[in-house]
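Participant: Quick one: sequence plus predicted model below, questions after.
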Amino acid sequence: MSNQNVAYLRVSSVDQSLARQQEAMKGIELNKVFEEKASAKDTQRPVLQDCLSYCREGDTLHVHSIDRIARNLKNLQDLVDQLIEKGVTVDFHKESLSFSGSDDAMSRLMLQMMGAFSEFERSLIKERQREGIAAARKAGKVFGRKRSLSDEQVTEIRARVARGEQKSTLAAAYKVSRTTLYSALSAGTH
């Protein structure tokens, strides 16, 4: 038996901070901490897989909240079951839930309900995001990178190419790559 305290901390992107989760784990004497900056769209995350491999019978895996380890109910149940089968206790701090294999029916129900709520919340966030993008587009908001060449510049470049100027020279003059220039000329506008 190992009897180590292991933590798994995750945020979705590299510009997000793990500080809130690290702060929540301060009162626990941790033997090993796994920190990951990756989406939870599936369980094939390198650091999560390392964490699962590292955990041994008798260990306790500390996770700040259910949504840090899994985004949907199926993945959550699979991960918790996998850890319990190894003899690992899983503690979700925010939800105050602990699973060790000797859990009663009420504990399993709580895990499933919390996992379902987490999945539902994620669905609502994505729906609001889609609605917001649609509303912004309707209001005239343009997404993506700003065009490198205006329609007027493309017209000028076409005229200069027709007079025999080199495309590579024009690309340098307009401070764009040759690929951008060729794309603009072939598309009509860029």
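Facilitator: Thanks, I have the structure now. Numbers count the residues shown, from 1 in each chain.
Participant: center of this protein - which residue?
Facilitator: Closest to where the C-alpha atoms of the chain average out (C-alpha atoms, centre = their mean) is residue 39, at 2.5 Å.
Participant: Look up how far residue 11 lies from it.
Facilitator: Distance, residue 39 to residue 11, using C-beta to C-beta, to the nearest Å: 10 Å. Using the backbone N, CA and C atoms, a C-beta is placed for each residue, glycine as well.
Participant: what does residue 85 give?
Facilitator: From residue 85 across to residue 11, the span is 28 Å (C-beta to C-beta).
Participant: neighbour-wise, which of the two wins?
Facilitator: residue 11 (19 against 10; other C-beta atoms under 10 Å).
Participant: Would you agree the more buried one is in contact with residue 18?
Facilitator: Yes. With contact defined as C-beta atoms under 8 Å, residue 11 reaches residue 18; the gap is 5.7 Å.
Participant: any common contacting residues for those two?
Facilitator: Common contact partners of residue 11 and residue 18 (C-beta atoms under 8 Å, 6 or more residues apart in numbering): residue 37.
Participant: residue at max distance from the center of this structure?
Facilitator: residue 163 (50.7 Å).
Participant: number of nearby residues for residue 125?
Facilitator: Residue 125: 10 surrounding residues under other C-beta under 10 Å.
Participant: Now the residue nearest to the centre of the chain: closest residue in space that isn't a chain neighbour?
Facilitator: Nearest residue to residue 39 in three dimensions, chain neighbours excluded: residue 12, at 5.3 Å (C-beta to C-beta, 6 or more residues apart in numbering).
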